[in-house]
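K.L.:
no FASTA, just this:
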């Protein structure tokens, strides 16, 4: 029977924060004991090496934050439904709250859990929090989901975004805490191997760090429009990993930036467009789940992409040894820091899918393993957008020329020198760190001769265009 002593289980997922957290706020406002829980289920186990390691740091930070409130983060492993049912039995809880997910696998899991718990007379309630707008609340005049970005931006840019929910300051504890597992025993960084030590100095996990990054970005947002594409400048927000793990809420970011916009600060609209671009990816994934697994445009199913991840060209690409400095620099930045500049991501992805004629899935899966800011919707849409198979895509015949891209966005080669050691008399520490981060079995050395391009840029372009024209004719 429900009373003020009946606990609520707060199931944390990709929402590792206390502020702007509707589910947690609702649990706290009930006045009832709250049992914060994280479950290492099959979806967590499927994460790639870098995002799983980064998740571990986020959980450690969240656990410390909860401890300062006198609460605890209970850790469990196994099937999510089974673990939640066990926690209900152990604590006497009659409610489970969580923040919604929008990828097809999570939706299937959550639907099953909600039905099973409801049947057992346990309240199972999901809340918004990971997006600005729920996907079913934004539509064309015909009532259909947007398939093109610009009309969606025009629709939502003047719409009110709900104000962020205040940070939870107090969480009542249950009479007794259920058992918990040891986060260190999970070894979430195990598959990252020696790369973890290289990445660690570049990562500041947790909610407070997320807000610090937002503050720092707002101090220079006026330069965003001019610098966001420059590879040699610190012109982006650096918020992607925090948004991915929910260490900061998108509504918080929106309102902080909007406040600057009201003061007439330049660069704000350009950034808000990018925040809604993330939204667009999630809405597409929700309405057309094939975005994360198949060509969004089915007519691309017959395109003659290489699908062999062990092809020599693909191996050279994954090892950042393509012979194209700006491509290799982008990949090496990812191996050393866990992130890659967005402009570099487009150059790197275009080179793989067009110059090397390799399926976007191979690149998408590689990023999924290597990026600490991996995001299921943004990663999938980004790759399909560049490849030409996705919504609102760059036409396939729009092939980035890495050389001209480098000349425009890294005019003094500073970015390339920062990350590519070969050929430099005194390579930077960042460039040398690449050789510490990558697997020893690659047998790479900084004093090796930098490779010749595996595919000449004109040749790769002609081959890609020929395949594209052939597809059109068929």
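P.N.:
Structure's in. What do you need? Everything numeric in this text was worked out from a predicted model, so none of it was measured.

K.L.:
which residues of this protein score low on pLDDT?
P.N.:
For the chain, the stretches with pLDDT under 70 are 1-2, 394, 396, 472-474.

K.L.:
how does it look with 90?
P.N.:
Within the chain, the ranges that satisfy pLDDT under 90 run 1-5, 158, 299, 391-399, 464-474.

K.L.:
domains of it?
P.N.:
If you go by automatic domain parsing, the domain ranges for the chain are 1-129, 131-163+206-287, 298-473.

K.L.:
so for the shortest one, first residue to last residue, what's the gap.
P.N.:
Terminal residues of domain 131-163+206-287 are spaced 15 Å apart (C-alpha to C-alpha, to the nearest Å).

K.L.:
gap between residue 207 and residue 5?
P.N.:
Residue 207 is 29 Å from residue 5, where distance means C-beta to C-beta, to the nearest Å. For the C-beta atoms, the positions are set from N, CA and C on the backbone; glycine is no exception.

K.L.:
so those two - more neighbours on which side?
P.N.:
residue 207 (24 against 12; other C-beta atoms under 10 Å).

K.L.:
what helix or strand is the closest residue to the more buried one other than its chain neighbours on?
P.N.:
If the residues on either side of it in the chain are set aside, residue 207 comes closest to residue 17, at 4.4 Å by C-beta to C-beta, 6 or more residues apart in numbering. For residue 17, there is no host helix or strand (DSSP states H and E).

K.L.:
what packs against the strand ranked longest in the chain?
P.N.:
With secondary structure taken from DSSP state E, the chain has its longest strand at strand 34-40. Where contact means 3 or more C-beta pairs under 8 Å, 6 or more residues apart in numbering; DSSP states H and E, strand 34-40 is packed against strand 8-12, helix 22-29, helix 49-68, strand 74-77, helix 80-91.

K.L.:
quick one: which of the ones you listed is nearest residue 469?
P.N.:
Each of the helices and strands packed on strand 34-40 has some distance to residue 469 by C-beta to C-beta; the shortest is helix 49-68, at 37.9 Å.

K.L.:
quick check: buried residues in that closest one?
P.N.:
Neighbour-count burial for helix 49-68 flags 49-63, 65-66 (criterion: 16 or more other C-beta atoms under 10 Å).

K.L.:
wait, which of the helices and strands packed on strand 34-40 is closest to residue 265?
P.N.:
Ranking the helices and strands packed on strand 34-40 by proximity to residue 265 (C-beta to C-beta) places helix 22-29 first, at 28.4 Å.

K.L.:
list the buried residues of the closest one.
P.N.:
Judged by neighbour count using 16+ other C-beta under 10 Å, the buried positions of helix 22-29 are 22, 23, 24, 25, 26, 27, 28.

K.L.:
what packs against the next helix or strand after the longest strand of the chain?
P.N.:
Going down the chain from strand 34-40, the next helix or strand is helix 42-45, by DSSP H and E. Packing partners of helix 42-45 (3+ C-beta pairs under 8 Å, 6+ apart): helix 104-119.

K.L.:
next, the angle from the helix it packs on to strand 8-12.
P.N.:
Calculated by axes from the mean of the first three to the mean of the last three C-alpha atoms, to 10 degrees, helix 104-119 forms an angle of 170 degrees with strand 8-12.

K.L.:
can you list the residues that contact helix 104-119?
P.N.:
The contact list for helix 104-119, computed with C-beta atoms under 8 Å, 6 or more residues apart in numbering, reads 13, 41, 43, 80-81, 84-85, 88, 96, 98, 100-101, 123-124, 126, 285-286, 289, 292.

K.L.:
follow-up on the earlier one: quick one: which of the buried residues of helix 22-29 is nearest residue 201?
P.N.:
Using C-beta to C-beta, these come closest to residue 201 at residue 24, 30.7 Å.

K.L.:
contacts only, for that closest one.
P.N.:
Counting by C-beta under 8 Å, 6+ apart, residue 24 touches 10, 15, 18, 34, 36, 97, 168.

K.L.:
from residue 17, how far off is it?
P.N.:
Noted for residue 24: a distance of 8 Å to residue 17, by C-beta to C-beta.

K.L.:
now residue 415
P.N.:
Counting by C-beta to C-beta, the gap from residue 415 to residue 17 is 32 Å.

K.L.:
next one: residue 463
P.N.:
Shown here: residue 463 relative to residue 17, a distance of 47 Å by C-beta to C-beta.

K.L.:
those two: which has the busier surroundings?
P.N.:
Neighbours were counted for residue 463 and for residue 17 using other C-beta under 10 Å; residue 17 has more, 28 against 15.

K.L.:
contact partners of stretch 256-263?
P.N.:
Contact partners of stretch 256-263, identified using C-beta under 8 Å, 6+ apart, comprise 161, 214, 218, 221, 268, 269, 271, 272, 275.

K.L.:
circling back: gap between the residue nearest to residue 207 and residue 189?
P.N.:
As for residue 17, its distance to residue 189 is 22 Å (criterion: C-beta to C-beta).

K.L.:
with residue 237 instead?
P.N.:
Remark: distance between residue 237 and residue 189 (C-beta to C-beta) = 26 Å.

K.L.:
check residue 371 too.
P.N.:
From residue 371 to residue 189 the distance is 15 Å (C-beta to C-beta).

K.L.:
more crowded one of those two?
P.N.:
More neighbours surround residue 371 than the other of residue 371 and residue 189, with 24 against 20 (other C-beta under 10 Å).

K.L.:
got a list of what the more buried one touches?
P.N.:
When contacts are counted by C-beta under 8 Å, 6+ apart, residue 371 touches 48, 50, 51, 334, 338, 339, 340, 379.
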